[in-house]
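A.B. asks: What follows is a protein structure lacking sequence information:
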Ligand code: GDP
Ligand code: IMO
Ligand code: MG
């Protein structure tokens, strides 16, 4: 039984939630290892639609244990709001375990996130405003608060005092905001302590023991390769390790336990927030794809920027993540286009680049080299076998597979759990 890491291979919102959910009842644990409630993973089951932010998508599978790993930043107010919302809809959240080492998002992280963005003006990142970056910054600065601190109020108060020492200078003197008191932060966080306590666990130990027993564990990445703090389009990235390697640091499970890496890709491309996006479509063409694909953010409701499939990005993701299988989603959205452009390389100042350019300057100046593929007009949403797809759609998928550096094992043809063409079993050896 394998350990599978599932990551976003573009700029997020590729359909990771659905891909995780599709693995279903054969999975024993689903682990979120990075990010926080900046993520928005949508799962559609019949007429029910679930938007998951902090909870891994495995929460929807009865019998599966959802795990929030040490690499996650946890906003306790969001956590319990999400648990309550799902419980009210009949989803059992009682098995959730949260790493004692996961960091907490406090009110001042959200404040600093928002004021920093305002301060940056035209250089803003377009963050989700959830306090993600400031919480990770505190972690790296060694002034972060962790889930285990909720179990010891005295320690928590000391840590909050330490963190606020510098934060308050920043808030008052630079950002012109009021100072935050230690008491208000501690009172707020401690109001969640009793509810949190029974969920707190040594999740590294629990997961390693589960793997020893032969359990199937899926590590569900948040965000995506191009938003990864090391490997993405820095500084227009999130603040965590969204690539496959992040599954190990973010869970305490070592690299030699990982059997598979599944990269989730859209049949085109989208991005939310600022930063380079070489195949972006402007104006009406971009709007058409946005409307066809329903490309509006799950977390912030922002319209997503849209563009064509980008081969250098897919190949880069295959390489830095060690992708063994791709899940290609939203093929159905392309139905009705007469021809479909695909960026097979970039042109940077007259020089062809088959790989992602090395420097930020070159990425900003990259213009796509397009190849046109023949479209199809037949409805593909009922296809379940590859042969059910119209010949032109089959050729499109096979061409992307050939160009992108790993086999395409599953093709999504609609938002529902059932709407997939499965070519290879993602959990098979
Ligand atoms: P995630 O953040 O990677 O989990 O992706 P999101 O949930 O933010 O965005 C993906 C959107 O596409 C969601 O609304 C899904 O329900 C939807 N979706 C996923 N796969 C497919 C597919 O194959 N076809 C269509 N039409 N929609 C899909
Ligand atoms: P899922 O898991 C798409 C983007 C934000 C912004 C940048 C930094 O649903 O794919 P942050 O709040 O993380 O500091 O914002 O990253 N971003 C996402 N874009 N999908 C996501 O998650 C994202 N999470 C963050 O728009 O550009
Ligand atoms: Mg999303």
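C.D. replies: Everything's here; your move. Small disclaimer: the values here were computed from a predicted structure and weren't measured. Ligands and ions are numbered 1, 2, ... in the order given.

A.B. asks: all contacts plus neighbour counts: C-alpha atoms, from now on.
C.D. replies: OK.

A.B. asks: which of the residues in stretch 45-55 are buried?
C.D. replies: For stretch 45-55, a neighbour-count test (16 or more other C-alpha atoms under 10 Å) marks 50, 51, 52, 53, 54, 55 as buried.

A.B. asks: Then stretch 174-192?
C.D. replies: Buried residues in stretch 174-192 (16+ other C-alpha under 10 Å): 179, 180, 182, 185, 186, 189, 190.

A.B. asks: quick one: the helices in the stretch 251-400 of the chain?
C.D. replies: Under the criterion DSSP state H, counting those that start in this stretch, the stretch 251-400 of the chain contains helices at 283-293, 311-321, 360-365, 391-404.

A.B. asks: What parts of the stretch 201-350 of the chain come near ligand 1?
C.D. replies: 298, 329, 330, 332, 333 (C-alpha under 6 Å from any ligand atom).

A.B. asks: Look through the stretch 251-400 of the chain and state the residue closest to ligand 2.
C.D. replies: Closest approach between the stretch 251-400 of the chain and ligand 2, counting by C-alpha to the nearest ligand atom: residue 273, at 3.6 Å.

A.B. asks: Residue 77 and ligand 1: what is the separation?
C.D. replies: 21 Å (C-alpha to the nearest ligand atom, to the nearest Å).

A.B. asks: and if you look at residue 143?
C.D. replies: In terms of C-alpha to the nearest ligand atom, residue 143 sits 30 Å off from ligand 1.

A.B. asks: Apart from its neighbours in sequence, what residue is nearest that residue?
C.D. replies: The shortest distance from residue 143 to any non-neighbouring residue, by C-alpha to C-alpha, 6 or more residues apart in numbering, is to residue 163 (5.5 Å).

A.B. asks: quick revisit: will you turn the helices of the stretch 251-400 of the chain into TSV that also has distance to ligand 3, mean neighbour count and mean pLDDT?
C.D. replies: Listed next are those as TSV, based on distance: least, C-alpha to the ion, whole Å; neighbours: other C-alpha atoms under 10 Å; pLDDT from 0 to 100:
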stretch	distance to ligand 3	mean neighbour count	mean pLDDT
helix 283-293	13	15	97
helix 311-321	18	22	98
helix 360-365	24	15	97
helix 391-404	22	17	98
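
A.B. asks: of all those, which lies closest to residue 109?
C.D. replies: helix 360-365 (27.9 Å; C-alpha to C-alpha).

A.B. asks: Quick check: can you list the domain ranges of the chain?
C.D. replies: The chain breaks down by automatic domain parsing into domains covering 3-99+200-261, 103-194, 265-422.

A.B. asks: In the stretch 51-200 of the chain, what residue lies closest to ligand 1?
C.D. replies: residue 51 (7.2 Å).

A.B. asks: Counting by contacts, list what the helix or strand that contains that residue packs against.
C.D. replies: According to DSSP states H and E, residue 51 maps onto strand 48-52. Under the contact definition 3 or more C-alpha pairs under 8 Å, 6 or more residues apart in numbering; DSSP states H and E, strand 48-52 sits against strand 41-45.

A.B. asks: do the strand it packs on and ligand 1 meet at all?
C.D. replies: Yes. Strand 41-45 lies within reach of ligand 1 by C-alpha under 6 Å from any ligand atom, at 41, 42, 43, 44.
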